[in-house]
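Undergrad: Build the 3D model from these lines:
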Amino acid sequence: MFKLEKLVLHNIDDSKTYTYEFCAGINYFVGKNDSGKTEFYTFIDYMLGANFHLYNRVWFKDSLLFAELYLNCDGIRFVLTRYLNDKNKNFFNYLDEERGESIRLEEYKARINRLLAQDDNCLRELRSFVDEDLSFRTFTLFNFLGEGRQGILNDFFDKCSDVRYSIKLPAVLNYIFNKNLAEIEKLKEEEARLASLLERLEKRIAQNEEVKNRVNRQLEVLGIDRVFSGTNTADIQAAIEEFQSLLQKKDVSKKTRTIAELEAVYTSLDEQIKIQLTTEADCKSFKASAQKQKDLLENLQVLIETKPEYAYLVTPIIQLTTELDQSISFSKYLLQESTTKELKKRRDQIRNQIIAEQSRYKVYSVPEKIKAITLVKEYLGFYDTEFSAADVKGIRSKLRETREIIRHLQNSNDTEKIEALSDDITTLYKQSKDVSDLVEYDFANQGFRIAYIKNGNTLQPQVSDEDVESGTSKNYYTGSMARHTLIQLCGYLAFLRMLINEKKYPLAPILVIDHISKPFDSKNEKAIGQVLNGAFSDIHADDLQVFMFDDKEPSNLAITANSTTNLVDKTKSGFNPFYHIPEEKGPNGLAIED
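TA: Numbering: from 1, shown residues only. Model prediction:
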């Protein structure tokens, strides 16, 4: 049970107080125009933690210092105190204890939230579902029906005009009308596991990138023309070993040759390689000529054997060719290819030596190079090769897929629950059929009902569609603001009854209504009382507390109020008893008499 018991107002110097007593059920406050009905409506929200700046408003400035709200929660009584001139000067204490130190507004709201949180598990489930902490302040959407947005059926809650509430409502409705909460909770756990794993892997990837960058910076110091990519560790290690051996061979007994000497050797080797390549080409040419001579001799021999009569002509040619072959040694021109390979290998060694020497003499000293070698070896040991980019890609894809499933389940609707809510709204509306011509006219239409449409948070009157098959409905549009306001009231009451009965939301079980009779004429205004009385037919007055502010007597609206209070009496002119309307003065400065 949650009930507001009384509101105590303290004047500007805390010398006087005024108390409004509340009871279970319907608390009705009567007041003419400019009697502070809307200010009282707003003040209840303020005492429940709303971040309004009231101190400079006409109704409170220089008249009201602070207020105390007494409430009862499951038999335990509390006092909530708020100062109007400082939003962070608040108190929250048990009735039988003294005030402690003041608390900030956020702590004040947090304590009310803990008071209204009926089930910690449900709060965790709600937090997990919407991915943020939603407090009872968000659920005040269901508690306040102001005058400004009466008659609105699309996004029909009054506070939906405030972006702070409207952006949160879709997630709240998804939670309220979802029947996959257990499955979503499991998927959320899987999502958290995958997200944590992906975060760790991405962190390792970032560390690997840093290792690669560090290794490559040290390779630049050493003058090694290699780039560490993460997959060529063996190549880098071999290059380091080779470079280290060059440094170690720097002789004690032999001076290291200068870069000029090394370049001279390199040039000499390069020239030798060119000569060698030219010689190899010549040798290939000689080999080709020799092969032709051999072929010629073989052909001549065959000619003599087949035609002996030509022997006297062929024999001198054979003798000449044989003498030429014996006088030239072709083998001295045949050089092994290994000679050229050895020369190239030596040239590469000299080139590496030149690079090393250039790096050493240009920028870095030998100790710095030794340090760089040590760092490269150490960094290579830090590089993590236990996972691949494909692993990360797979996890990222699975996480994306899991989130898509969660979003789909979160947006799915419990159609049975929505239908039950629509039926309840329709039933409440029908309660006023006997006292309202508007309602009677609506139910004269075949199949009239009020459907709740979650997408858009809309209350949509519907009737049977006679042009199509039986059982289908079509939207029914009506233009009366009174009719829309009554439907809106039914929507509020049906929602509150549903949420209160489920007992799992951080919801204050109250409904505060401001001047709801305004759009109604005398023929239809009693419909308000019929709907309210119908709401209490299956919910106890201790479970829902209603605060109504209006300029008409409750009997005019057929409301059976549990308490009725006049905002204007002999002692005060409106809600704030310490506020006085400034006297009008004439040109001479004297007050104008009535």
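
Undergrad: Using PDB, list the CA coordinates for stretch 20-29.
TA: What follows is stretch 20-29 as a C-alpha-only set of coordinates in PDB (Å, rounded to 0.1, in the frame of the first residue of the first chain):
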ATOM      1  CA  TYR A  20      -4.000  19.500   3.500                       C
ATOM      2  CA  GLU A  21      -5.200  16.100   4.600                       C
ATOM      3  CA  PHE A  22      -5.500  13.300   2.100                       C
ATOM      4  CA  CYS A  23      -7.400  10.000   2.200                       C
ATOM      5  CA  ALA A  24      -7.600   6.800   0.200                       C
ATOM      6  CA  GLY A  25      -9.700   6.800  -2.900                       C
ATOM      7  CA  ILE A  26     -10.800  10.100  -4.500                       C
ATOM      8  CA  ASN A  27      -9.600  13.400  -3.100                       C
ATOM      9  CA  TYR A  28     -11.500  16.200  -4.700                       C
ATOM     10  CA  PHE A  29     -10.500  19.900  -4.600                       C
END
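
Undergrad: worst-scoring helix or strand of the protein, pLDDT-wise?
TA: None of the helices or strands of the chain scores lower by mean pLDDT, DSSP states H and E than helix 311-327, at a mean of 65.

Undergrad: Any figure for the gap between residue 150 and residue 544?
TA: Separation of residue 150 from residue 544 (CB to CB, to the nearest Å): 20 Å. To be clear about C-beta, it is placed using only N, CA and C from the backbone, and glycine gets the same treatment.

Undergrad: Just give the number of residues close to residue 98.
TA: 7 (other CB atoms under 10 Å).

Undergrad: So what does it look like in phi/psi?
TA: With angles defined as degrees, to the nearest 10, residue 98 sits at phi -80, psi 160.

Undergrad: Look up the closest residue to residue 171, ignoring the ones flanking it.
TA: Leaving aside its sequence neighbours, residue 171 sits nearest to residue 130 (CB to CB, 6 or more residues apart in numbering; 4.2 Å).

Undergrad: remind me, longest helix of the protein?
TA: In the chain, assigned by DSSP state H, the helix with the most residues is helix 259-306.

Undergrad: other SSEs contacting that helix?
TA: Other helices and strands packing on helix 259-306, by 3 or more CB pairs under 8 Å, 6 or more residues apart in numbering; DSSP states H and E, are helix 311-327, helix 337-362.

Undergrad: helix or strand right after the longest one?
TA: If I follow you right, that is helix 337-362. Next helix or strand after helix 337-362 toward the C-terminus (DSSP states H and E): helix 366-382.

Undergrad: So residue 416 versus residue 535, what's the distance?
TA: Distance from residue 416 to residue 535, by CB to CB: 22 Å.

Undergrad: In terms of packing, which of those two has more residues around it?
TA: Ranked by neighbour count (other CB under 10 Å), residue 416 and residue 535 place residue 535 first, with 24 against 10.

Undergrad: So the more buried one sits against residue 559, correct?
TA: No. The pair residue 535 and residue 559 fails to qualify as a contact (CB atoms under 8 Å) at a distance of 11.4 Å.

Undergrad: Give me the buried stretch members for stretch 493-506, please.
TA: Within stretch 493-506, the residues scored as buried using 16 or more other CB atoms under 10 Å are 493-500, 504-506.

Undergrad: Considering those residues, which member attains the minimum pLDDT?
TA: Ranked by pLDDT, the buried residues of stretch 493-506 bottom out at residue 504 (87).

Undergrad: Dihedrals phi and psi, that one?
TA: Residue torsions, per degrees, to the nearest 10, at residue 504 are phi -140, psi 10.

Undergrad: Can you get me a residue count around the closest residue to it other than its chain neighbours?
TA: Leaving aside its sequence neighbours, residue 504 sits nearest to residue 122 (CB to CB, 6+ apart; 3.9 Å). Per other CB under 10 Å, the neighbour tally for residue 122 reads 17.

Undergrad: So the spatially most central residue of the chain versus residue 30, what's the distance?
TA: Centroid-nearest residue in the chain, with CA atoms, centre = their mean: residue 131, separated by 7.7 Å. To residue 30, residue 131 is 45 Å away according to CB to CB.

Undergrad: Same check on residue 271?
TA: Relative to residue 30, residue 271 is positioned 116 Å away (CB to CB).

Undergrad: Of those two, which one has the most company?
TA: For residue 271 versus residue 30, the count of surrounding residues by other CB under 10 Å is larger for residue 30: 19 against 10.

Undergrad: Report the contact partners of the more buried one.
TA: Residue 30 is in contact with 550-554, 564-567, counting by CB atoms under 8 Å, 6 or more residues apart in numbering.

Undergrad: need the strands for this structure, in chain order.
TA: Assigned by DSSP state E, the strands in the chain fall at 2-11, 17-21, 25-30, 64-73, 76-83, 90-94, 144-145, 449-453, 458-464, 473-475, 510-514, 545-550, 563-566.

Undergrad: By mean pLDDT, show me the worst of these.
TA: Among the strands of the chain, strand 473-475 scores lowest, at a mean of 87.

Undergrad: and that strand, what does it pack onto?
TA: The contact analysis (3+ CB pairs under 8 Å, 6+ apart) places strand 473-475 against strand 458-464.

Undergrad: list the buried ones in the strand it packs on?
TA: For strand 458-464, burial by neighbour count (16+ other CB under 10 Å) applies to 459-464.
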